[in-house]
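In: okay, here's the prediction I keep looking at, along with the sequence it came from:
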Amino acid sequence: MEINCNGNPMMLPGQATLVDVVREYNSNLDTLAVAVNHTIIPRSDWANYQLTEQDNVDIFTLVAGG
């Protein structure tokens with residue numbers, strides 16, 4: 001299956017979940033926020049969120065500041 005992750009094509013196995021993509025992108029999951037097709041997905045749902053062909057995944061690094 002092919003998705004887009006941060007604007008770049010990414011090939012995944014057919015039963016990939018959102019956590020599979022996030023782990024591929026960055027090993028420190030605590031500093032990330034993720035949206036699929038412009039909808040923020042809660043971290044608690046990542047392991048069960050099944051991706052589909054051509055989903056658009058945006059991964060954001062959380063930054064603290066003032």
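Out: Thanks, I have it.

In: surely W46 and V19 touch.
Out: Yes: W46 lies in contact with V19 (CB atoms under 8 Å); the separation is 4.2 Å. (C-beta placed from N, C-alpha, C; glycine too.)

In: am I right that D30 is in a helix?
Out: Yes: counting by DSSP: H, G, I helix; E, B strand; the rest coil, D30 falls inside a helix.

In: all strands of the chain, in order?
Out: Ranges of strands in the chain, per DSSP state E, are 2-5, 8-11, 32-36, 39-40, 56-61.

In: and the first one, how far from the chain's centre?
Out: A distance of 9 Å separates the centroid of the chain from that of strand 2-5, by CA atoms, centre = their mean, to the nearest Å.

In: ok, W46 and V19, which is more surrounded?
Out: W46 (19 against 16; other CB atoms under 10 Å).

In: need the per-residue pLDDT for the more buried one.
Out: In this model, W46 is scored at 94, pLDDT.

In: likewise for V34?
Out: With respect to pLDDT, V34 scores 95.

In: any idea what it is bridged to?
Out: V34 forms beta bridges with I59, as assigned by DSSP bridges.

In: is it in contact with N56, as I believe?
Out: No: in this structure V34 lies outside contact range of N56 using CB under 8 Å: 11.2 Å.

In: looking at those two, which has the bigger crowd around it?
Out: V34 (23 against 13).

In: list the buried residues in the helix or strand of the chain with the lowest mean pLDDT.
Out: Of all helical and strand segments in the chain, the minimum by mean pLDDT, DSSP states H and E falls on helix 18-25, at a mean of 88. The neighbour-count check on helix 18-25 (16 or more other CB atoms under 10 Å) flags L18, V19, D20, V21, V22, Y25 as buried.

In: got it, and stretch 36-43?
Out: For stretch 36-43, using 16+ other CB under 10 Å, the buried residues are V36, I41.

In: end to end on it, go ahead and measure it.
Out: Chord length of stretch 36-43, first to last residue, is 12 Å (CA to CA, to the nearest Å).
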